[in-house]
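Chemist: Pasting a predicted model and its sequence here:
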Amino acid sequence: MTKSTIFKGISAAPGLASGLAFLWQETDLKLPEPYVCSDPEAAWQKIHAAIDQAKQEIGQIRLKAESRLGKSEAAIFDAHLMMVEDVSLLEMVTEALKAGANPEAAWNNSIEAFAGMLEKLSDPLLSARAADVRDVGGRVLAHLLGRPLVENTIESPSIVIARDLTPSQTTLMDHSKVLAFCTSEGGPTSHTAILSKALGIPAIVAMGEAILGISNGDLLLVNSENGTLTCRPSEAQMLEFNRRQAQKSAQASSDLEMAFQPAITRDGFRVEVVANIGSAEDASLAVRYGAEGVGLFRTEFLYLNRSSMLVLNQQVENYSQVIKALQGLPLVVRTLDIGGDKQVDYLGIRKEGNPFLGWRGIRMVFERPEILAEQFRALLLAGRGTDLRIMIPMVARKEEVVRARLILDETLQTVRDEHPSYQVRLQFGIMIEVPSAALIAEHLAPLVDFFSIGTNDLTQYTLAMDRMNARIAPFATPFHPAVLRLIERTITVGHEYGKWVGMCGEFAGEPAAIPFLLGLELDEFSISPASIPLAKRIIRQLSRKDCREIARFALGLAEAGEVEAYLKSILSGMSGLKFDSSIGLVKN
């Protein structure tokens, strides 16, 4: 490209970056011309040999990942090893071979079908596992085709341009040399996006095929705040960008310096800002970004891609690592949130017609109470002497809370009987992510110590919109008035019963949502670690008194677009806030 060109995409992780392009090279995995396989057994042996070769590579990659990044990041390759031996996948391959497909096509088509099933899952982190399937599937396919995977080495700080990046690619690259990620495909819940948010690296996804025409060494400007990439900028564009980047960099440094101070509003109200994590490494990162604890520790990844349950000691060890990394800060743990759409064969999960509304989360407690009891026991043993808060997911009925609380109380008594000196600061809470739970909050509040609002699922279930469906995903927004009213109701009822209320959904980390949530008097914001310094700064610039008026005005609006535009206008005028009730805007 010889002249300045601007590309547009979806912001996946905020920030600004300037530097030279590194065009990620892909291995050509084009399938051979279709041919009929007359010997399914020989074809299967060829696939089996390719799987064995891929497993050897994955094992070597896992060792590298653990030495460079730690056990948590390396664990993704344990999942890859499980995937290539998945019974359902291998059955698909076998059936395809019996039907006459050649080994390359049989493997590739089965991988695509398997990945397609994962992409339909409601949980964005689990649907993103489709990328893992394609990652490991491509590795096997490369051996079937006799084409070694291209090795990409980033020699100097660069902006990575790629069609998409597999989990193994993003995990193993030298992150210290990545200024930003820009991909033509992918989405805001892709592995690239998740990793970028965790590391604080700017990222833009879904930019389209045109960005693949960028050449190695092209000068690029990345503004992931508005989702734009400028290739070969003019001198004027460069000067303006450098000015903004210097300003942002100074502000980010200032934010990080202040991140270890509490988030106190201008009128003296303190708000907890904590982190969402999935591992001990995430917990350490959260502490470095000034988190005051963890508001959501997702434990389901300990159960996925295994052939049997974790034994008690394995669970205790995993939880202990997280607790140690937090250095005494409070920990909110979400119990096992799998079932229905998340296939874990050893739990007795059956295929369901509508798994998103099926046997999942806390609903499992009535058929498999021992699973929850074992997890409670492991958490209590690991959390001895700590500030431990346990919450259950997918609550829709009072009976579920009563049953879970009974199991926790019984387990706690057993632990105390076995360890007479046992002490723990224990709280029990529930996720509010199903509309029915918000609507019966007054019946649930007396049974718990806190509520935690999960806006991702609450939005999906309130609006009856699959947020993973690209055609309707833009409309599945938590700025919708119906979702906002359920949030308001949950906080109001929680406070009426003397319970604290947190939010661990993505909405809590949306800067424009912070004034609204402060106005509703949300007690705890649980967000990605890298978002913590900015969130704390925004909170310190606001007064809760003004924010109450902002929230009241926003709740009177009829459309999500109106709400979002209004709240973003609030964010743009943060200095010296005063509320003008005649127009609902904050004026300087």
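Modeler: Arrived safely. Numbers count the residues shown, from 1 in each chain.

Chemist: which residues touch the closest residue to Ala482 other than its chain neighbours?
Modeler: Once flanking residues are discounted, Ala482 sits nearest to Thr462: 5.4 Å by C-beta to C-beta, 6 or more residues apart in numbering. All C-beta atoms are positioned from the backbone trio N, CA, C, and that covers glycine. Under the criterion of C-beta atoms under 8 Å, 6 or more residues apart in numbering, the contact partners of Thr462 comprise 435, 480, 482-483, 486.

Chemist: now with 10 Å?
Modeler: For Thr462, the contacting residues are 433-435, 438, 455, 476, 478, 480, 482-486, taking C-beta atoms under 10 Å, 6 or more residues apart in numbering as the criterion.

Chemist: How about Arg389?
Modeler: 293-295, 297, 330-333, 379, 383, 425-429, 449-450, 452, 500, 502.

Chemist: which of those residues are buried?
Modeler: Applying 16 or more other C-beta atoms under 10 Å to the contacts of Arg389, the neighbour count classes 293-295, 297, 330-333, 379, 383, 426-429, 449-450, 452, 500, 502 as buried.

Chemist: among those residues, which are in strands?
Modeler: Restricting the buried ones among the contacts of Arg389 to those inside strands, with DSSP state E as the criterion, leaves 294-295, 297, 331-333, 426-429, 450, 452, 500, 502.

Chemist: and which of the residues you listed is nearest Asp417?
Modeler: Taking C-beta to C-beta as the measure, Asp417 lies nearest Leu426 of these, at 15.8 Å.

Chemist: Can you give me the buried ones in stretch 82-97?
Modeler: In stretch 82-97, the ones that count as buried by 16+ other C-beta under 10 Å are 83-84, 86, 89-90, 92-94, 96-97.

Chemist: do stretch 299-318 as well
Modeler: The neighbour-count check on stretch 299-318 (16+ other C-beta under 10 Å) flags 299-303, 305, 309-310, 315-316, 318 as buried.

Chemist: Where is pLDDT lowest across the residues you listed?
Modeler: Across the buried residues of stretch 299-318, the bottom pLDDT score, 55, is held by Asn305.

Chemist: circling back to that earlier point, where does the residue nearest to Ala482 fall, helix, sheet strand or coil?
Modeler: Thr462 carries the three-state label helix when classified by DSSP: H, G, I helix; E, B strand; the rest coil.

Chemist: buried stuff in stretch 475-484?
Modeler: Across stretch 475-484, burial judged by 16+ other C-beta under 10 Å covers 476-481, 483-484.

Chemist: So which of those residues are in helices?
Modeler: Among these, the members falling in helices are 481, 483-484 (criterion: DSSP state H).

Chemist: Could you pull out the strands in the stretch 151-300 of the chain for me?
Modeler: Residue ranges of the strands in the stretch 151-300 of the chain, as given by DSSP state E, counting those that start in this stretch, are 158-162, 178-183, 203-205, 219-223, 228-231, 263-264, 270-277, 294-298.

Chemist: what packs against the third one?
Modeler: Secondary-structure packing of strand 203-205 (3 or more C-beta pairs under 10 Å, 6 or more residues apart in numbering; DSSP states H and E): strand 10-13, strand 178-183, helix 191-199, strand 219-223.

Chemist: Out of the ones you listed, which gets nearest to Leu372?
Modeler: When the helices and strands packed on strand 203-205 are compared for distance to Leu372 using C-beta to C-beta, the nearest one is helix 191-199, at 27.2 Å.

Chemist: Output the closest one as CSV, restricted to C-alpha atoms.
Modeler: Extracted C-alpha coordinates of helix 191-199, given in CSV (Å, rounded to 0.1, in the frame of the first residue of the first chain):
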residue,chain,number,x,y,z
HIS,A,191,-8.6,-16.1,22.3
THR,A,192,-6.7,-13.1,20.9
ALA,A,193,-9.2,-10.7,22.5
ILE,A,194,-9.2,-12.5,25.9
LEU,A,195,-5.4,-12.6,26.0
SER,A,196,-5.1,-8.9,24.8
LYS,A,197,-7.4,-7.7,27.6
ALA,A,198,-5.5,-9.7,30.2
LEU,A,199,-2.1,-8.3,29.0
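
Chemist: Also compute the angle for it relative to strand 270-277, please.
Modeler: Angular relation of helix 191-199 and strand 270-277 on a 0 to 180 degree scale: 140 degrees, by axes from the mean of the first three to the mean of the last three C-alpha atoms, to 10 degrees.

Chemist: quick one: helix 191-199 to strand 178-183, angle?
Modeler: Using the same axes, to 10 degrees: helix 191-199 against strand 178-183 is 150 degrees.

Chemist: what is the rounded mean pLDDT of helix 191-199?
Modeler: When pLDDT is averaged over helix 191-199, the result is 74.

Chemist: How far does that helix sit from its chain's centre?
Modeler: 9 Å (C-alpha atoms, centre = their mean, to the nearest Å).

Chemist: same question, stretch 534-542
Modeler: With C-alpha atoms, centre = their mean, you get 23 Å for stretch 534-542.

Chemist: buried set for stretch 10-28?
Modeler: With burial defined by 16+ other C-beta under 10 Å, the residues of stretch 10-28 counted as buried are 10-19, 21-24.

Chemist: hmm, which two among those residues are most spread apart?
Modeler: By the measure C-beta to C-beta, Pro14 and Leu23 form the most distant pair in those, at 23.7 Å.

Chemist: So Glu374 versus Val493, what's the distance?
Modeler: If you measure Glu374 against Val493 using C-beta to C-beta, to the nearest Å, the figure is 32 Å.

Chemist: Show me which of those two is the more surrounded one.
Modeler: Neighbours of Glu374 and Val493, each counted by other C-beta atoms under 10 Å, are more numerous for Val493; the result is 21 against 18.

Chemist: mind checking which helix or strand the more buried one is in?
Modeler: With secondary structure defined by DSSP states H and E, Val493 is part of helix 481-496.

Chemist: And the average pLDDT for that helix is what?
Modeler: Confidence for helix 481-496, expressed as mean pLDDT, is 98.

Chemist: Equivalent analysis for stretch 98-113, please.
Modeler: Rounded to a whole number, the mean pLDDT of stretch 98-113 is 90.

Chemist: from the ones in helices among the buried residues of stretch 475-484, which is closest to Thr171?
Modeler: Top of the list for closeness to Thr171, among those and by C-beta to C-beta, is Val483 at 34.0 Å.

Chemist: residues contacting that closest one?
Modeler: Applying C-beta under 10 Å, 6+ apart, we find Val483 in contact with 435, 438, 453, 455, 458-463, 476-477, 505, 507, 560, 563.

Chemist: same thing but at 8 Å, please
Modeler: Residues counted as contacts of Val483 (C-beta under 8 Å, 6+ apart) are 455, 458-459, 462-463, 477.

Chemist: what are the ranges of the strands in the stretch 401-550 of the chain?
Modeler: According to DSSP E, counting those that start in this stretch, the stretch 401-550 of the chain carries its strands in the segments 425-432, 450-453, 500-503, 524-527.

Chemist: Can you add mean pLDDT and distance to Arg389 and give the ones you listed back as TSV?
Modeler: Output for those, formatted as TSV (pLDDT from 0 to 100; distance: least, C-beta to C-beta, whole Å):
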stretch	mean pLDDT	distance to Arg389
strand 425-432	97	4
strand 450-453	98	7
strand 500-503	98	9
strand 524-527	96	10
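
Chemist: Need those in CSV (columns: distance to Leu212).
Modeler: Rendered in CSV, the data for the strands of the stretch 401-550 of the chain read as follows (distance: least, C-beta to C-beta, whole Å):
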stretch, distance to Leu212
strand 425-432, 41
strand 450-453, 40
strand 500-503, 38
strand 524-527, 33
